[in-house]
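J.: Predicted coordinates and the sequence they were generated for:
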Amino acid sequence: MKDTEIMDLYWARDERAIDETQHRYGRYCYSIAYNILKDREDSDECVNDTWLRAWNVIPPRRPDRLELFLGTITRNLSFDKWKGKHAMKRGKGEMTVALDELAECVPDRHNTEDEVEAAELGRLINDFLHSLPEKECNVFLRRYWYVEEYSAIAERYGIKLNTVKTMLFRTRARLKDFLEKEGVAL
Amino acid sequence: MSDQAVKIFEALSDVDEELLERCNQKENRKNAVVYKLFWRYGRTMAACVCMIVVGAAAWGGYHLAMSGKNSGSSGAGGSQNMAPAMPADCAQTMDAADGGMAGGSGAMGSDAEAPESGRSSTTGGMSPEAAFETPSTERASSEAESTLHTEQQKQQDQTAADQTGQAVSVGNNSGASIGGSSGTGNGGSTGSFSAEKAAELWEKENALTDSRQIVPWAEACETEPFGSYLPTALPAGYGSFSARQSANPELWNNMIFKWSDGQQILHLNMTLEGVKTKEDLERYDGVNQYIAEDFQREMIPEPGPDGQILFTLYYGDGMKIDFGGYVTADEMWEVVESVSK
């Protein structure tokens, strides 16, 4: 079933919409959740919650790309759950490592700067990503949007593991420079 | 965990969809790279393979020549030296394992009354946590101990029955352990019980999101259509653990039943959907998804990287059941068969 047909089911409040969504995007959303949570049950819960969320927002929304829309919901839910579980702990895991890496991108703050709004930060990061060559941008997103492991990224794009690490290291440094030039404080 | 890093991570949720879509595209270059790598390293690999083959052939020839020499001089002595005697404890282990498996399969024999007694049960007022409060023996770490475990389990069940005055329906030779019937839960679970592990399992269970709500086991067993699909056979040592139902059954008619042996979870995640055909499954290209009436023992998939067997069966009335557990294929098959029955 095509996305447009699935969307029509949502708009018609036909419960087959969830069924079809699950069959078409279940594995995709599950992989996003699992990359963050590394737990089958929690991932399963996040995916199920994604379907409920989608049901509640469609309509009135009619996303252009259902896959990415659902993936974003799953990512946000998974990250919220991850934060809840790790609030007091400094555990290991791919998510923790990814956040430690992103911490390198935090610009040095000057006392006179106000904290940037979340929406503005999103816009700036978008601008930054658009400025990157395609491969660097893809690798960055696979790592920090999908929280994929280095080895998975290397395999996906047919490049060496060290190349992935170097590419990400440089991209993070560039992001930090970019945010500092924009006068962003986090 | 840096708050600023969290902000950057969250801000990435707003990234343009075209960028995400681009990074999702299958990489055509990958095939080219694989092809290139093959030609760059293929000759080296081929040379290594040839050397290994030649080396193996040479070794085999040498060995044959030597054994020919030896057999000429010492008769059968040479061949006797090749097969080490099975250690006595290993032989005993295998014998005990056979006995244990027989005990186990006895435990899995279906008993038509067991589900009923489970449902009418004595867990009605018993929290699932209580089911794990009285450990008695450490979990057997090998099949060699399973026979002993089964015997101890019978004694514990009897003791529990004497103490509580309640009927115990547990996974002993009388049949399936359904319903977490006694204060000891299912006696089998006490035999393999670790208080810390059980607490960990419960902490995790209670921390799950609210898209499903915990339901008392007895009530869950009587909730149709799910109750009709409860298995009448469980692997030895497994007892009821938890049942959770969708918070919005009209939207998502789902109930998940979980059993535990004190270490791991066996789950049947049941959802009432529309009827599916084989053509539907082919269209969805789902992994490990089967029409229940076509499902055979040989089709049970291999365990995943975490050791769990996972697959989905679609039944004729629209019931979909996701089976999952850290059990053997034979044990899982017994469960599946008992659901069908």
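T.: Alright, I've got the coordinates. Residues are numbered from 1 along each chain as shown, chains lettered A, B, ... in the order given.

J.: Any stretches of chain A with poor pLDDT?
T.: In the predicted model of chain A, residues A:87-92, A:109-116 satisfy pLDDT under 70.

J.: Centroid-nearest residue for it?
T.: Geometric centre of chain A, nearest residue: A:Trp145, 3.1 Å, by CA atoms, centre = their mean.

J.: Without its sequence neighbours, what residue ends up closest to that residue?
T.: Counting by CB to CB, 6 or more residues apart in numbering or on different chains, the nearest residue to A:Trp145 once its immediate chain neighbours are dropped is B:Leu12, at 5.3 Å. C-beta: built from backbone N, CA, C; applies to glycine.

J.: Tell me where the chain has helices.
T.: I went with chain A, as the question did not name one. Along chain A, counting by DSSP state H, helices occupy A:3-11, A:16-37, A:40-57, A:66-86, A:94-103, A:118-131, A:134-144, A:150-157, A:161-181.

J.: Can you look at chain B instead?
T.: Under DSSP H, chain B gives helices at B:3-11, B:17-24, B:28-74, B:77-82, B:88-108, B:113-119, B:146-164, B:187-191, B:195-206, B:217-221, B:278-284, B:329-340.

J.: ok, and what's touching the second one?
T.: Looking back up the chat, that one is helix B:17-24. A:64-65, A:67-68, A:71, A:126, A:129-130, A:134, A:137-138, A:141-142, A:145 (CB atoms under 8 Å, 6 or more residues apart in numbering or on different chains).

J.: Please tabulate the residues you listed in CSV, including the columns distance to A:Trp51.
T.: Formatted as CSV, the contacts of helix B:17-24 follow (distance: CB to CB, whole Å):
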residue, distance to A:Trp51
A:Asp64, 19
A:Arg65, 17
A:Glu67, 14
A:Leu68, 16
A:Gly71, 13
A:Asn126, 27
A:Leu129, 29
A:His130, 31
A:Glu134, 32
A:Cys137, 30
A:Asn138, 28
A:Leu141, 24
A:Arg142, 25
A:Trp145, 21
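
J.: Where does pLDDT dip in the stretch 201-341 of chain B?
T.: B:207-211, B:251, B:282-287, B:340-341.

J.: which stretches of it form strands?
T.: B:212-215, B:239-246, B:254-260, B:265-272, B:289-291, B:309-314, B:319-325 (DSSP state E, counting those that start in this stretch).

J.: Can you list the neighbours in contact with the fifth one?
T.: The one in question is strand B:289-291. B:276-278, B:281, B:299, B:311-314.

J.: which one among those residues gets closest to A:Trp51?
T.: B:Thr312 (16.1 Å; CB to CB).

J.: tell me the contacts of that closest one?
T.: So B:Thr312 contacts B:286, B:288-290, B:320-323 (CB under 8 Å, 6+ apart).

J.: Who are the contact partners of the closest residue to B:Asn288 other than its chain neighbours?
T.: Nearest residue to B:Asn288 in three dimensions, chain neighbours excluded: B:Phe311, at 4.0 Å (CB to CB, 6+ apart). For B:Phe311, the contacting residues are B:288-290, B:299-301, B:322-323, by CB under 8 Å, 6+ apart.

J.: A:Leu37 too?
T.: A:43, A:46, A:78, A:81-82, A:95.

J.: How about A:Leu175?
T.: Counted by CB under 8 Å, 6+ apart, A:Leu175 has contacts A:105, A:125, A:128.

J.: Highest neighbour count among those?
T.: In terms of neighbour count, A:Cys105 stands highest of the contacts of A:Leu175 at 24 neighbours, by other CB atoms under 10 Å in any protein chain shown.

J.: That one against A:Phe169, yeah?
T.: No: distance between A:Cys105 and A:Phe169: 10.9 Å, which falls outside the contact criterion (CB atoms under 8 Å).

J.: okay, now A:Asn126: neighbour count?
T.: A:Asn126 has 16 nearby residues by other CB under 10 Å.

J.: quick one: it from chain B, how far?
T.: Using CB to the nearest CB, to the nearest Å, we find A:Asn126 at a distance of 6 Å from chain B.

J.: ok, and for stretch B:242-255, which residues are buried?
T.: Buried residues in stretch B:242-255, counting neighbours by 16 or more other CB atoms under 10 Å in any protein chain shown, are found at B:242-246, B:252-255.

J.: ok, residues contacting that stretch?
T.: With CB under 8 Å, 6+ apart, stretch B:242-255 has contacts from A:15, A:18, A:48, A:51-52, A:55, B:128, B:205, B:208, B:210-217, B:219-221, B:223, B:226, B:256-258, B:269-273.

J.: Stretch A:147-155 too?
T.: A:32, A:35-36, A:94-95, A:98, A:139, A:142-143, A:156, A:160-161, A:163-165.

J.: how near is the residue nearest to A:Val147 when sequence neighbours are not counted to A:Tyr146?
T.: With sequence-adjacent residues excluded and distances taken as CB to CB, 6+ apart, A:Val147 is closest to A:Asn35, at 4.2 Å. To A:Tyr146, A:Asn35 is 6 Å away according to CB to CB, to the nearest Å.

J.: Among the contacts of stretch A:147-155, which one has the most neighbours?
T.: Neighbour max across the contacts of stretch A:147-155 (other CB under 10 Å) = A:Ile32, 28 neighbours.

J.: pretty sure it contacts A:Asn76?
T.: No: with contact defined as CB under 8 Å, A:Ile32 does not reach A:Asn76; the gap is 10.1 Å.

J.: Angles on the backbone of the closest residue to B:Gln213 other than its chain neighbours, please.
T.: Nearest residue to B:Gln213 in three dimensions, chain neighbours excluded: B:Ala247, at 5.5 Å (CB to CB, 6+ apart). Backbone torsions of B:Ala247, given as degrees, to the nearest 10, read phi -70, psi -20.

J.: returning to what we had before: which of the contacts of strand B:289-291 sits closest to A:Lys176?
T.: B:Thr312 (45.6 Å).

J.: Show me what that closest one is bridged to.
T.: B:Gln289, B:Asp322 (DSSP bridges).

J.: wait, what's in contact with the residue nearest to B:Ile300 when sequence neighbours are not counted?
T.: Excluding its sequence neighbours, the residue lying closest to B:Ile300 (CB to CB, 6+ apart) is B:Ala329, at 4.5 Å. Applying CB under 8 Å, 6+ apart, one finds that B:Ala329 lies in contact with B:297, B:300, B:309.

J.: Same question for B:Pro225.
T.: B:272, B:317, B:319.

J.: pretty sure the last one contacts B:Leu272?
T.: Yes: proximity of B:Met319 to B:Leu272 meets the contact threshold set by CB under 8 Å, at 5.7 Å.

J.: thinking again about what came up before, tabulate the contacts of B:Thr312 (a markdown table), appending distance to B:Gln263 and neighbour count.
T.: Listed next are the contacts of B:Thr312 as a markdown table, based on distance: CB to CB, whole Å; neighbours: other CB atoms under 10 Å in any protein chain shown:
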| residue | distance to B:Gln263 | neighbour count |
| --- | --- | --- |
| B:Gly286 | 29 | 18 |
| B:Asn288 | 24 | 16 |
| B:Gln289 | 28 | 18 |
| B:Tyr290 | 28 | 18 |
| B:Lys320 | 27 | 21 |
| B:Ile321 | 23 | 22 |
| B:Asp322 | 21 | 18 |
| B:Phe323 | 18 | 21 |
